[in-house]
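> here you go, sequence then predicted model.
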Amino acid sequence: MSIAAEIRVRRRIVLPTWASGLAGEHALLVGVAVLGVLVLTALLGPVIDSDSATSTAYGTLHSPSGAHLFGTDDVGRDVLVRVFHAIRLDLVLALVICGLATVAGAVIGLASGFAGGLVDLVVMRLVDIMMSIPVFILALITAVVLGNTEQTMVLAIAFAYTPVAVRIVRSQVLLLRELPMVETSRAIGTPAWRILLWHVLPNTASVLIAQATLFLAWAILDTAAMSFVGVGVHPPTPELGAMISEGSQYIVSGQWWISIFPGIFIALLVVSFNLVGDSLRDYLDPRSRR
Amino acid sequence: MSEQLLEVRGLTVTLRSRRGTGRIVEGVSFEIARGESFGLVGESGSGKSMTALSIMRLLPNVAETSAGEIRVEGRDVLGLDEREMRSLRGGSVGMIFQQARSALNPLMRIDDQILRVAALHGRTNGKGEALAVELLREVGLPRRVARSYPHQLSGGMAQRALIAIVLAARPQLLIADEPTTGLDVTTEAEIYDLLRKLRAELGLSLLLITHDLALVAQNCDRVAVMHAGHVVEIGRVEQIFERPLHPYTQALLNSVPTLEGDADEALALEGSAPRFDELPEHGCRFVERCPQRMPKCGEPFTAIELEPGHRVLCRLYD
């Protein structure tokens, strides 16, 4: 091979790595930036303008203007202010749901995978049963059975996500526990629970964190969807899904802003969580760190 | 004898699986003195690793030690409870495996892995960082390795790092199960130099498990040859290599090509060892492949000592 050809080949190999590396960093940057702005508005919005989320003092159904950037709704509330309040609520709910599902999934998955045998069999069949029901339907039914409140909705969604996390953690545990790492650790006198804690759990983290970020995105969507159909968060509490629901009847008559703006912010939240999740997964894997 | 660090007497390991049941290790006896280097050679599946794992009581679920006695520093290993067993693992007997890199936790820095083992065996007393660096120096690694992750190390460095981690528990006996498989010859020689140095400096005993006769000749004082779960011959390295008695040992030594000899003269051994579920109930397990088999080879028999320390499991020497 001539030197020129070799250089060409090298460049072809080097360029995609460099490009993908940079693309990864851009994704993280964009994701974090968008999320940062959203979180900041969620935190600051209500502080700046604490009581106007339910204030009806602005006149009904004004289209977006300098005074009301997102317009006002059917009872004269400022859509922008309500969106900010709703983002805060949705973020908090999503974090709680994600935390519950991830922790429960990690604990059950670790125990099931490491114990094996009958315990594993029973747990996995339960997981199969739960996963045969669509997540949203399962959460909806559970919330309704538990009583239609914000707290039960959070529990119900977390409950519906848990089997997903259980499966992911268990599959990692099954893989990891056969590694020489675990045998070596046993041969050096490490107690089983420490092997789980030191060697197995941390090595599931990259996969689990990626899934947790996905959970955040799902939770935003499912919280909104549940509230849209009237389960969980109820009007007049500002919540993105509930707001879409409230505004939906006005779309046909031309007052699109009541529904569209909450919808845009749901999309922004979901996309930015996905961007951050993917980049985090790459970053947290030390094998891919340069 | 209290001089013996490890004594294995009549060790029998039974494997039960869906395919059948078999004594994959049977009547294995040997002992290792303090500071001694002992080799366990045999082909794949001859029970070398199972013997080592039963010393650590780390046999897979399908296998169990069904008979025999194992003593480490005079303590009856098979009678210890789980807590005592954990202090014996690592604390008395350390074990290194092939593919050292996958034996290390990829997410944990080397010093962290060393210090956790040291803490488990109660020897940190606050000097953490210094201890890690000292152990790394002992195995010939620069101090920067302390802050490295396993993927930043070469294969040879990973094996050294693993040895440092194992040494952090201050074992008396180091079991090395094919420790240099997958490493190149130069690195392999370096690892064995290191093991020799550690024996000299720390008085460590070594149980080397390998299929490579040359490694045993260079690194061991005594050797046991295993075939299909039996120790067919045991003795000092000179005895085994100069006066091999068992037909299997003779065949193994003949199968090593020499520079002087004709390559065609190196004899390959016919056939393979019987499968674990087809092992004969008693008698010699080499009989099917043996060029000198006799009718009485199928009868129960015991090893005989032909010269001091040189025992053979064969009816030829009755």
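Happy to help now that I have it.
> how about the strands in the stretch 1-150 of chain B?
Ranges of strands in the stretch 1-150 of chain B, per DSSP state E, counting those that start in this stretch, are B:4-17, B:20-33, B:37-41, B:63-72, B:75-76, B:93-96.
> format the ones you listed as JSON lines; extra columns: distance to chain A.
Where you see a C-beta, it was placed from the backbone N, CA and C, and this is true even at glycine. Compiled in JSON lines, the strands of the stretch 1-150 of chain B are given as follows (distance: least, C-beta to the nearest C-beta, whole Å):
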{"stretch": "strand B:4-17", "distance to chain A": "15"}
{"stretch": "strand B:20-33", "distance to chain A": "17"}
{"stretch": "strand B:37-41", "distance to chain A": "16"}
{"stretch": "strand B:63-72", "distance to chain A": "13"}
{"stretch": "strand B:75-76", "distance to chain A": "14"}
{"stretch": "strand B:93-96", "distance to chain A": "4"}
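> how near is B:Glu129 to chain A?
In this view, B:Glu129 and chain A are 19 Å apart by C-beta to the nearest C-beta, to the nearest Å.
> mean pLDDT and mean neighbour count added to the strands of the stretch 1-150 of chain B, as CSV?
Listed next are those as CSV, based on pLDDT from 0 to 100; neighbours: other C-beta atoms under 10 Å in any protein chain shown:
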stretch, mean pLDDT, mean neighbour count
strand B:4-17, 92, 19
strand B:20-33, 91, 20
strand B:37-41, 95, 25
strand B:63-72, 91, 18
strand B:75-76, 91, 12
strand B:93-96, 93, 26
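> between the ones you listed, which gets nearest to A:Thr190?
strand B:93-96 (12.5 Å; C-beta to C-beta).
> right, so of the strands of the stretch 1-150 of chain B, which gets closest to B:Arg57?
Among the strands of the stretch 1-150 of chain B, strand B:63-72 sits nearest to B:Arg57 (C-beta to C-beta), with 7.9 Å.
> pull the distance from the closest one to the chain's centre.
16 Å (C-alpha atoms, centre = their mean, to the nearest Å).
> look up how far B:Ile175 lies from the spatially most central residue of chain B.
The C-alpha lying nearest the average C-alpha coordinate of chain B belongs to B:Ile209 (C-alpha atoms, centre = their mean; 3.1 Å). With distances taken as C-beta to C-beta, to the nearest Å, B:Ile209 is found 7 Å from B:Ile175.
> same deal with B:Pro142?
Taking C-beta to C-beta, one finds B:Pro142 at 27 Å from B:Ile175.
> ok, these two, which is more surrounded?
B:Ile175 (28 against 11; other C-beta atoms under 10 Å in any protein chain shown).
> element containing the more buried one?
Following DSSP states H and E, one finds B:Ile175 within strand B:173-177.
> can you name the next helix or strand after that strand?
Assigned by DSSP H and E, the successor of strand B:173-177 is helix B:185-202.
> where does the chain dip in pLDDT?
Assuming you mean chain A. A:1-25, A:45-58, A:281, A:283-290 (pLDDT under 70).
> hmm, I had chain B in mind actually
B:1-2, B:124-127, B:258-268.
> show me which residues of it sit near chain A.
For chain B, the residues in contact with chain A (C-beta under 8 Å from any C-beta of the partner chain) are B:56, B:58, B:86-91, B:94-97, B:99, B:102-108, B:116-117, B:120-121, B:149, B:151, B:162, B:165-166, B:169.
> which of those fall in helices?
Under the assignment DSSP state H, those contribute B:86-91, B:102-103, B:116-117, B:120, B:162, B:165-166 to helices.
> can you pull the residues of chain A lying near chain B?
So far as C-beta under 8 Å from any C-beta goes, chain A lies against chain B at A:179-181, A:183-191, A:194, A:198-199, A:202-203, A:205, A:286-287.
> can you do 6 Å?
Residues of chain A lying close to chain B by C-beta under 6 Å from any C-beta of the partner chain are A:179-181, A:184, A:186-189, A:199, A:202-203, A:286-287.
> can you lay out those residues as JSON lines showing neighbour count and distance to A:Ala86?
Listed next are the residues of chain A next to chain B as JSON lines, based on neighbours: other C-beta atoms under 10 Å in any protein chain shown; distance: C-beta to C-beta, whole Å:
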{"residue": "A:Leu179", "neighbour count": "19", "distance to A:Ala86": "46"}
{"residue": "A:Pro180", "neighbour count": "17", "distance to A:Ala86": "51"}
{"residue": "A:Met181", "neighbour count": "25", "distance to A:Ala86": "46"}
{"residue": "A:Thr184", "neighbour count": "26", "distance to A:Ala86": "51"}
{"residue": "A:Arg186", "neighbour count": "19", "distance to A:Ala86": "51"}
{"residue": "A:Ala187", "neighbour count": "24", "distance to A:Ala86": "55"}
{"residue": "A:Ile188", "neighbour count": "28", "distance to A:Ala86": "53"}
{"residue": "A:Gly189", "neighbour count": "24", "distance to A:Ala86": "54"}
{"residue": "A:His199", "neighbour count": "23", "distance to A:Ala86": "42"}
{"residue": "A:Pro202", "neighbour count": "17", "distance to A:Ala86": "36"}
{"residue": "A:Asn203", "neighbour count": "21", "distance to A:Ala86": "38"}
{"residue": "A:Pro286", "neighbour count": "15", "distance to A:Ala86": "38"}
{"residue": "A:Arg287", "neighbour count": "10", "distance to A:Ala86": "40"}
